[in-house]
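Student: when you get a sec, could you give me coordinates for this:
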Amino acid sequence: MAKACNQLICAAEIVAISEASVVAERAGLDLAKLLNLLQGGYAGSVIMNDKTPKLVAHDYSVSAQAAFVHKDVSAYLDTARATGTRSVLGGPIANAAEQLIDAGLGEQDSAVFQKWIAERGTPKD
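Tutor: Residues are numbered from 1 along each chain as shown. All right, here's what the predicted structure looks like:
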């Protein structure tokens, strides 16, 4: 159960950093400077430190396959259900990972969420 909880937190952070990197670049920010700045604050983490070079370079060579996000979060959701807990983040993250896999990106590094998010188009609202 501890591993499942860890995996939800890691997956949420990977997706969040990937999405924020797309928004930041589209807003004209220097992504390397932004992520280095964030790394020194409350948002800083081992995952951010690990993924920053990949996100800045748009390098999706594999160190941890994106498909594992779906597998790991699905295991977390099983654990949540077993404890009678309704997950807030697990479902949307698993859904995003499934769509990323369906787009043929699952065998690339988990930083590829950046590319998948960037290619989704613009909001309809």
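
Student: so what's the residue nearest the centre of the chain up against?
Tutor: The chain has residue 15 as the residue nearest its centroid, 2.0 Å off, counting by Cα atoms, centre = their mean. The neighbourhood of residue 15, defined by Cβ atoms under 8 Å, 6 or more residues apart in numbering, consists of 69, 93, 96, 113. Backbone N, C-alpha and C define where each C-beta goes, glycine included.

Student: now the third one, nearest residue through space, not along the chain?
Tutor: This means residue 96. In space, and not counting its chain neighbours, residue 96 is closest to residue 15: 6.2 Å by Cβ to Cβ, 6 or more residues apart in numbering.

Student: need the residue in this protein that's farthest from the chain's center.
Tutor: Quick read of the chain (Cα atoms, centre = their mean): farthest out is residue 84, 25.4 Å.

Student: got a list of what that residue touches?
Tutor: Contacts of residue 84 by Cβ under 8 Å, 6+ apart: none found.

Student: so it, which state does it fall into?
Tutor: Secondary structure, DSSP: H, G, I helix; E, B strand; the rest coil: residue 84 is coil.

Student: please tell me how far it sits from residue 113.
Tutor: Distance, residue 84 to residue 113, by Cβ to Cβ, to the nearest Å: 30 Å.

Student: circling back to that earlier point, element containing the residue nearest to residue 96?
Tutor: helix 2-26 (DSSP states H and E).

Student: residue ranges of the helices in the protein, please?
Tutor: Secondary structure of the chain (DSSP state H): helices located at 2-26, 31-39, 46-57, 67-82, 90-102, 113-118.

Student: how about those helices in TSV, adding mean pLDDT?
Tutor: As requested, these are exported to TSV (pLDDT from 0 to 100):
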stretch	mean pLDDT
helix 2-26	96
helix 31-39	97
helix 46-57	96
helix 67-82	96
helix 90-102	97
helix 113-118	97
